[in-house]
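S.K.: sequence below, structure please.
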Amino acid sequence: MIDEYLKAKKSGEKAFQQAVLRGKYPYISCLEDILEGKTITEKKIGTFDIPLAMVQGTRTRGRANAFAANYMPLQDRDSEFAYKWINVYNVQTSRGIDDPIKVYEYRHRFYVQEGNKRVSVFRWLGMRTAAAEVYRISDGEEDPLYEEFLEFYRNVPLYELDFSETGRYRSFIRLLGRQPEEVWKAEDVQRLKSTYYLFEQQFMKCFPDSDDRISDAFFLYISVYGYEQLHSKGSAVIADNLKKLKKEIEVKESDESVVLVEDPEEKKSSSLLDILPVFNSQRALFVSFIYDSDAESSASVFEHEIGRILLEHTPELQIHTAKYEFCDTEDKLEQALDHAAITSDIVFTISPTQMNAALKAAVKHPDTIFMNCSLNLKVNAVRSYAVRTYEAKFLLGALAAVFSDTHRIAYIADYPIYGTIADINAFAIGASMIDPDVRVYLCWSEALDSEQMNYLKEQDISVFSGPDSLHQENNTTKYGIYRIGEDGSVINLAEPVINWAVFYRKLLGMIRSGSWNTRETDNKSVNYWWGMSADVLDVKISGSLPYATRKLILLLKQALIKEALNPFSGELHSQTGIVQDKYSGILSNEEIITMDWLNDNIIGSIPAFSSLNETARQMADVSGVRKVRETK
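M.R.: Now for the predicted structure:
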């Protein structure tokens, strides 16, 4: 059987060379090196089948250099090692090997103490699993993703699922219609395992170099096509669907951040070859808006609906619109998207919770443009759009500090999702620039804790930042920045204003001209993130305020637009320490969007997932900041 050894050795040499070219370690890992200097504990957790794909290396250094990173042999054909490898191969192919290997599991990976050659032979023969005596090693260090896996494993004993993001295990359970704390029956676990391996087989044919992202692709596939469909359909259907999801999988795999288009005019092309016209500029566009409620029930829907109506009633734009209201269930949303895709050129969905359904529709209807009002979601088929509201919040924070006699301001936030924490911090920074002693008391309107508002009442606070606009959903005049007088009267001082009509008009203009499709955005996840410089955001100040205060806010606004001022430049302090020193520049867009720290003058915290109401959980499940996702 020397021929089999030489073939396996050739595979190992190829893997070795590829690893070197990519700047990666070419041998199997050594747990002894990984744990060096760490204080560890270990315990036996049982004997059971483990996935061979998750065997990372060896427990000790002894044989690490005998195998390439793919666990194929590297020793010469005349070596003692080769002789033993061939013997193992002969036994396995003639009668099979029953003895379990001995492995140590560390952070969702296995390291072999006894049986390295068996692992090599098993892999060469295409075996997926092997019986193993498993010991778990712990070093006491925090690892939220691994801790989440262990929680998942206690109820669903399956090692194969290896997600790359915190919160994904719990989201996966919910995606399958189960609850995270539910203990699965053995037959259900086996069904999931066989379904995963069915998917893996087709995935590796389509993406042979992406074996480390199979679980993430598995999650994406089920999100789009469903678990039952995957389980019941044949290999040909799975392969065809994977081809349709190719760009989405590549975007998810990419380490590149979301491409942010920060200004409607910034994507001017230098070459006609860079512009790919989408629609004839002479014909009318048909545009649909998908709402989860209606304008009377939802402030968010109301704002987008005003934008839609203004588009419809501007004849020179040649835009015809339709709206789909109360798409608040999975079936209603799917039906609305399918119908809109047939009748429209472009479909806008206005909530992050609609992104997954929009992605399904975009894959199903590739000739229709789908967009979603969200931030920092890595999706290719659906482009995102959002407003840099932190700019307005910065101005409103400065204004609030002017009118706070007690050095205390209350900030009532809604969802702990991408962008919201930047809003809160920008507000607090703006306030501190006017009053260095000011404290911002943060509470969450969508949290289950009903005592938050009572707490605020006890803090001698008269100036508040509430819901962004007046709407009957709020059933109150307490919106924007407002002050409560000694007699209980509400005095409205200012509010942020998003002009969705301008945003949609400019975005549709880019689509119509073709300037939204360039080489920079092709095969990428694209997010249109515009602010005051694009005239889509402003601050409306009460005419009753002193002219000097209005002048101050106008000066700050002009400085923001001209990029002479940014709340996230220079010295920044969080509740736990220094974020950056005074010599630092502006935080990157990614750092601003994904920030999950609070400024040092904020009293309050980012809520845990379990403390949110159902609506907020749905939002956080899709686009929650890291601290929230880690507590799911």
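S.K.: where do the helices sit along the stretch 251-400 of the chain?
M.R.: Assigned by DSSP state H, counting those that start in this stretch, the stretch 251-400 of the chain shows helices spanning 299-312, 330-343, 355-364, 390-403.
S.K.: so of the ones you listed, which one's packed in deepest?
M.R.: Comparing the helices of the stretch 251-400 of the chain by mean neighbour count (mean count of other Cβ atoms under 10 Å), helix 390-403 ranks first with a mean of 26. Every C-beta, even on glycine, is put in place using the N, C-alpha and C of the backbone.
S.K.: quick one: average pLDDT of the next helix or strand after it?
M.R.: As assigned by DSSP states H and E, the chain's next helix or strand after helix 390-403 is strand 408-413. Averaged across strand 408-413, the pLDDT comes to 97.
S.K.: strand partners (parallel or antiparallel) of strand 408-413?
M.R.: Paired with strand 408-413 in the same sheet, following DSSP bridges, are strand 439-444 (parallel), strand 463-465 (parallel).
S.K.: sorry, back to before: JSON lines please, covering the helices of the stretch 251-400 of the chain and showing distance to residue 291.
M.R.: Formatted as JSON lines, those follow (distance: least, Cβ to Cβ, whole Å):
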{"stretch": "helix 299-312", "distance to residue 291": "5"}
{"stretch": "helix 330-343", "distance to residue 291": "9"}
{"stretch": "helix 355-364", "distance to residue 291": "13"}
{"stretch": "helix 390-403", "distance to residue 291": "24"}
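S.K.: for the ones you listed, which one sits closest to residue 60?
M.R.: helix 355-364 (45.5 Å; Cβ to Cβ).
S.K.: bridged to the nearest residue to residue 336 once chain neighbours are set aside, which residues?
M.R.: In space, residue 336 comes closest to residue 324 once its chain neighbours are excluded; the distance is 3.9 Å by Cβ to Cβ, 6 or more residues apart in numbering. Under DSSP bridges, the beta-bridge partners of residue 324 are residue 290.
S.K.: measure residue 324 to residue 611 for me?
M.R.: 33 Å (Cβ to Cβ, to the nearest Å).
S.K.: please apply the same query to residue 59.
M.R.: Distance of residue 59 to residue 611, computed by Cβ to Cβ: 42 Å.
S.K.: any stretches of the protein with poor pLDDT?
M.R.: The chain contains residues with pLDDT under 70 at 266-281, 472-476, 518-522.
S.K.: re the thing from before, neighbour-wise, which of residue 59 and residue 611 wins?
M.R.: Using other Cβ atoms under 10 Å, the more surrounded residue of residue 59 and residue 611 is residue 59, with 23 against 17.
S.K.: mind checking how far stretch 245-262 is from the chain centre?
M.R.: Distance of stretch 245-262 from the chain centroid (Cα atoms, centre = their mean, to the nearest Å) equals 11 Å.
S.K.: in it, what's buried?
M.R.: Going by neighbour count (16 or more other Cβ atoms under 10 Å), the buried part of stretch 245-262 is 245, 247, 248, 249, 251, 252, 253, 257, 258, 260, 261.
S.K.: go through these and name the one nearest residue 402.
M.R.: Among these, and counting by Cβ to Cβ, the member closest to residue 402 is residue 260, at 32.2 Å.
S.K.: name the residues that touch stretch 619-632?
M.R.: Here stretch 619-632 makes contact (Cβ atoms under 8 Å, 6 or more residues apart in numbering) with 144, 148, 165-167, 170-171, 174, 180, 351-353, 355-356, 374-377, 415-418, 420-421, 594-596, 606-610, 612.
S.K.: beyond the host helix or strand of residue 147, next helix or strand please.
M.R.: Using DSSP H and E, residue 147 sits within helix 144-155. As assigned by DSSP H and E, the chain's next helix or strand after helix 144-155 is helix 168-175.
S.K.: ok, and what's touching that following helix?
M.R.: Applying Cβ under 8 Å, 6+ apart, the contact partners of helix 168-175 are 148-149, 151-152, 156, 161, 163, 179-180, 182, 216, 219, 222-223, 227, 621, 632.
S.K.: recalculate using a threshold of 6 Å.
M.R.: 148, 152, 163, 180, 219, 222, 621, 632 (Cβ atoms under 6 Å, 6 or more residues apart in numbering).
S.K.: how about it: buried residues?
M.R.: For helix 168-175, the buried set under the neighbour-count rule, 16+ other Cβ under 10 Å, comprises 168, 169, 170, 171, 172, 173, 175.
S.K.: the second one and residue 363, how far apart?
M.R.: If I follow you right, that is residue 169. 24 Å.
S.K.: go on, the fifth one?
M.R.: Applying Cβ to Cβ, the value for residue 172 to residue 363 is 19 Å.
S.K.: likewise residue 46?
M.R.: With Cβ to Cβ as the criterion, residue 46 and residue 363 are 41 Å apart.
S.K.: which residue ranges form the strands in the stretch 101-250 of the chain?
M.R.: Here the stretch 101-250 of the chain has its strands, by DSSP state E, counting those that start in this stretch, at 101-105, 110-114, 129-138.
S.K.: of those, which is nearest residue 536?
M.R.: With Cβ to Cβ as the measure, strand 129-138 is the member of those nearest residue 536 (50.5 Å).
S.K.: what is the closest one packed up against?
M.R.: strand 41-51, strand 101-105 (3 or more Cβ pairs under 6 Å, 6 or more residues apart in numbering; DSSP states H and E).
S.K.: what's the burial count for the closest residue in space to residue 75 that isn't next to it in sequence?
M.R.: The shortest distance from residue 75 to any non-neighbouring residue, by Cβ to Cβ, 6+ apart, is to residue 81 (4.1 Å). Residue 81: 18 surrounding residues under other Cβ under 10 Å.
S.K.: CA atoms only: put the host helix or strand of residue 81 into PDB for me.
M.R.: Assessed by DSSP H and E, residue 81 sits inside helix 80-94. Coordinates of each C-alpha in helix 80-94 appear next as PDB, following Å, rounded to 0.1, in the frame of the first residue of the first chain:
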ATOM      1  CA  GLU A  80       9.600   4.100  10.200                       C
ATOM      2  CA  PHE A  81       6.700   6.600  10.300                       C
ATOM      3  CA  ALA A  82       5.600   5.700   6.700                       C
ATOM      4  CA  TYR A  83       5.800   2.000   7.600                       C
ATOM      5  CA  LYS A  84       3.500   2.500  10.600                       C
ATOM      6  CA  TRP A  85       1.100   4.800   8.600                       C
ATOM      7  CA  ILE A  86       0.700   2.000   6.000                       C
ATOM      8  CA  ASN A  87       0.000  -0.500   8.700                       C
ATOM      9  CA  VAL A  88      -2.800   1.600  10.200                       C
ATOM     10  CA  TYR A  89      -4.100   2.100   6.600                       C
ATOM     11  CA  ASN A  90      -4.100  -1.700   6.100                       C
ATOM     12  CA  VAL A  91      -5.900  -2.500   9.300                       C
ATOM     13  CA  GLN A  92      -8.600   0.200   8.700                       C
ATOM     14  CA  THR A  93      -9.300  -0.900   5.200                       C
ATOM     15  CA  SER A  94      -9.300  -4.600   6.000                       C
END
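S.K.: this completes my enquiry, with thanks.
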